[in-house]
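Asker: let's see this in three dimensions:
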Amino acid sequence: MEIKKYLSWRVRLGIALIILAAILYSTNILLFGDVHDTLFYLDIELAFIPIEALIIVLVLEWIIGEREKRNLLQKMNMVIGSFFSEVGTNLLSGISAFDSKTEKIKKGLVMTDSWAKKDFLEASERIKNYNYNVYIGKDNPDSIHYLQELKLFLVNNRDFMLRLLANPNLLEHDSFTDLLWAVFHLTEELENRTDLTNLPKADYYHLAGDTERAYSLLVYEWLQYMEHLMENYPYLFSLAIRTNPFNPDATVEIQDPPKGII
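Answerer: Purely as a prediction, here's the structure:
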């Protein structure tokens, strides 16, 4: 009983199988009396064991690795989805108000349910080559108003973003982690300024840079997430199209009935 206590079931199973194999080989020798052939085939089988082990390890490692990768990707996309549902989409709408040239990319980011992978590749190249132009200053009162609204929104969602940063599933997603840090940094910058209406020009320029950094990362991650929805969850993609922050005509209500329905 003491021995069984310290031996795992795998060790006990291995010992039992070895004993069983020895009994079977011994029985074969006793029945047929051919020690040479029995040992010859035993030697061949033993020589092939390393090759079998190599094949099994490689195949199993690949299968397990692919399964873990899919599971991790699924968990990461769930976290990213919650970010855009709670913060990201509204943040895109808010920050785009600072960019006077945002119309140049808006049209290319208005998606339809007919979009395919090539459309996302073209959109991705378009935003990579886009020069964001975030401007905040006293000579533009609207920008100050937007900045105050942005501060209130980010501060109210600070705890949510902190919980996302603590999520271990995001450790493998560098670009999204960079986005969270950029948004969190912008939140800290705004929260530590009590009066956003009377800042030095250089300080507005600094805040515009922080906002632009967060905005560029946000647009890229949003586009990647939309492609993920298109490929894996068409019903969620449909909703995302109808709430697209870059489409001024977007409405969550479905306007046209599906074909065949009157």
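
Asker: can I assume Asp203 sits in a helix?
Answerer: Yes - membership of Asp203 in a helix is supported by DSSP: H, G, I helix; E, B strand; the rest coil.

Asker: from Leu239, how far off is Asn77?
Answerer: For Asn77, the distance to Leu239 (C-beta to C-beta, to the nearest Å) stands at 15 Å. Backbone N, C-alpha and C define where each C-beta goes, glycine included.

Asker: count of neighbours near Tyr146?
Answerer: With neighbours defined by other C-beta atoms under 10 Å, the count for Tyr146 comes to 18.

Asker: give me the pLDDT value at the nearest residue to Ile95 once chain neighbours are set aside.
Answerer: Nearest-residue entry for Ile95: Tyr215, 4.5 Å, with adjacent residues in sequence omitted and distances by C-beta to C-beta, 6 or more residues apart in numbering. At Tyr215 the predicted local distance difference test score is 91.

Asker: next secondary structure element downstream of the one helix or strand Tyr215 maps to?
Answerer: Using DSSP states H and E, the element containing Tyr215 is helix 201-232. Once the chain leaves helix 201-232, the next helix or strand it forms, by DSSP H and E, is helix 234-242.

Asker: if we can go back for a sec, count the neighbours of the residue nearest to Ile95 for me.
Answerer: Based on other C-beta under 10 Å, the number of other residues close to Tyr215 is 23.

Asker: same check, this time on Thr27
Answerer: Here the neighbour count serves as a burial measure; for Thr27 (other C-beta under 10 Å) it reads 10.

Asker: equivalent analysis for Leu218, please.
Answerer: Burial measure for Leu218: 23 neighbouring residues, criterion other C-beta under 10 Å.

Asker: mind naming the longest helix for this structure?
Answerer: Across the chain, the helix with the greatest residue count (assigned by DSSP state H) is helix 35-83.

Asker: and the helix or strand following it, what does it pack against?
Answerer: In the C-terminal direction, the helix or strand that comes right after helix 35-83 (DSSP H and E) is helix 89-96. For helix 89-96, the contact count by 3 or more C-beta pairs under 8 Å, 6 or more residues apart in numbering; DSSP states H and E identifies helix 141-156, helix 201-232 as packing neighbours.

Asker: any stretches of the stretch 51-200 of the chain with poor pLDDT?
Answerer: Regions of the stretch 51-200 of the chain meeting the criterion pLDDT under 70 cover residues 72, 171-172.

Asker: ok, 80 please
Answerer: Of all residues in the stretch 51-200 of the chain, those with pLDDT under 80 make up the ranges 51-77, 97, 99-107, 167-173.

Asker: coming back round to it: redo the helices and strands packed on helix 89-96 as JSON lines? Include distance to Val183.
Answerer: Formatted as JSON lines, the entries for the helices and strands packed on helix 89-96 read as follows, by distance: least, C-beta to C-beta, whole Å:
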{"stretch": "helix 141-156", "distance to Val183": "7"}
{"stretch": "helix 201-232", "distance to Val183": "5"}
